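> Here is a sequence with its predicted model. Questions after.
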Amino acid sequence: IPDSIKDILSKLPGISKTGIASLQAHCRRELFHGCWEILLNEEFLRAYRHSIILTCLDGVLRRIFPRIFTYSADYPEKYTVLYLN
């Protein structure tokens with residue numbers, strides 16, 4: 001979440017540091033799920049299930065099944081990948 005939102009949350013009266021951390025975690029989780037809700041709209045899900053036909057640069061019509069791939073790693077792996085690139 002943006003620093004401006006963190007600043008607003010940290011200034012809320014009567015909430016402990018632990019409470020602020022929990023609130024920030026909740027906001028990050030809601031933001032994450034909101035982004036996926038936008039990405040996984042009906043048009044994408046229809047193409048995911050049934051494919052779409054696209055004309056490729058070579059002029060050939062091809063059936064495409066769009067997929068979303070994620071890369072997940074813990075901090076040391078991300079650090080290593082950063083220096084390998």
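Happy to help now that I have it.
> what about the strands in this protein?
52-55, 61-64 (DSSP state E).
> and those strands, which is most packed in?
strand 52-55 (a mean of 11; mean count of other Cβ atoms under 10 Å). No exception for glycine: its C-beta is placed from N, CA and C like everyone else's.
> looking at this structure, which residue ends up farthest from its center?
Centroid-distance maximum for the chain: residue 59 at 33.0 Å, with Cα atoms, centre = their mean.
> Roughly how far does that residue sit from residue 51?
For residue 59, the distance to residue 51 equals 19 Å [Cβ to Cβ, to the nearest Å].
> again, but for residue 8
Taking Cβ to Cβ, one finds residue 8 at 45 Å from residue 51.
> per-residue confidence for the residue lying closest to residue 10 once chain neighbours are set aside?
Excluding its sequence neighbours, the residue lying closest to residue 10 (Cβ to Cβ, 6 or more residues apart in numbering) is residue 20, at 5.7 Å. Reported pLDDT at residue 20 in the predicted model: 88.
> what's the answer for the one 4 residues further on, then?
Reading off the per-residue confidence, residue 24 sits at a pLDDT of 89.
> Could you do residue 41 as well?
Reading off the confidence values, residue 41 has pLDDT 91.
> Return the distance of stretch 21-38 from the chain's centre.
Put simply, stretch 21-38 sits 10 Å off its chain's centre (Cα atoms, centre = their mean, to the nearest Å).
> neighbours around residue 27, how many?
By other Cβ atoms under 10 Å, 14 other residues sit near residue 27.
> tell me the contacts of the nearest residue to it once chain neighbours are set aside?
Distances taken as Cβ to Cβ, 6+ apart place residue 1 nearest to residue 27, at 5.1 Å, with adjacent residues excluded. By Cβ atoms under 8 Å, 6 or more residues apart in numbering, the contact list for residue 1 reads 24, 27, 28, 31.
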